[in-house]
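Participant: structure for this input, please:
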Amino acid sequence: MQALKDSLVPEALLKKCFTRVHPMITAEKEEDALKTLSLVFIHHLDAFWSDHLAYSDELKEGIHLQRYGGKDPLLVYIREMSLAFEHGIKRVLTDTEEHFLSMDLEREVDFDEAGLKG
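Facilitator: Numbering: from 1, shown residues only. Have a look, this model is predicted:
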């Protein structure tokens, strides 16, 4: 269980996922399940971050037009990016949980087949 404490996956997500799969996996498979969860989390976090940076560039392109509407472009940019970040992090957690729980952890996980980089 020390590996769970040292994981870079958020604790709430760890608890949620492992509470549901723990009865289904053996103690020997627990370390593999943690590695799998970590890779699934990093995969979804990486995809989110790429999308978030692309959205940031897209938003910067037209943010100056907010001044014509009498709004401060910087404040609009900060608000929009904050909302996008909050939404994206929630999506990462949800997608990670769904992806992880849909995997068959009793057999050897093929990370390429699962759409993950091993």
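
Participant: which residues sit in contact with the most centrally placed residue in the chain?
Facilitator: Among the residues of the chain, the one closest to the centroid is Val92, at 2.8 Å (C-alpha atoms, centre = their mean). For Val92, the contacting residues are Phe41, His44, Leu45, Phe48, by C-beta atoms under 8 Å, 6 or more residues apart in numbering. C-beta: built from backbone N, CA, C; applies to glycine.

Participant: distance of it from Thr26?
Facilitator: Val92 is 28 Å from Thr26, where distance means C-beta to C-beta, to the nearest Å.

Participant: list the residues that contact Thr94.
Facilitator: Residues in contact with Thr94, defined by C-beta under 8 Å, 6+ apart, are absent; none qualify.

Participant: all helices of the chain, in order?
Facilitator: Using DSSP state H, the helices found in the chain span residues 2-5, 11-21, 27-62, 73-101.

Participant: format the ones you listed as TSV; extra columns: mean pLDDT.
Facilitator: Compiled in TSV, these are given as follows (pLDDT from 0 to 100):
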stretch	mean pLDDT
helix 2-5	50
helix 11-21	80
helix 27-62	89
helix 73-101	94
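
Participant: follow-up on the earlier one: for the contacts of Val92, give me a markdown table that also has neighbour count.
Facilitator: Compiled in a markdown table, the contacts of Val92 are given as follows (neighbours: other C-beta atoms under 10 Å):
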| residue | neighbour count |
| --- | --- |
| Phe41 | 24 |
| His44 | 22 |
| Leu45 | 18 |
| Phe48 | 20 |
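
Participant: how about these, which pair is most distant?
Facilitator: Between any two of the contacts of Val92, the greatest separation by C-beta to C-beta is 10.5 Å, found for Phe41 and Phe48.

Participant: count of neighbours near the nearest residue to Met81 once chain neighbours are set aside?
Facilitator: In space, Met81 comes closest to Ser56 once its chain neighbours are excluded; the distance is 6.3 Å by C-beta to C-beta, 6 or more residues apart in numbering. One way to gauge burial is a neighbour count; for Ser56, by other C-beta atoms under 10 Å, it gives 14.
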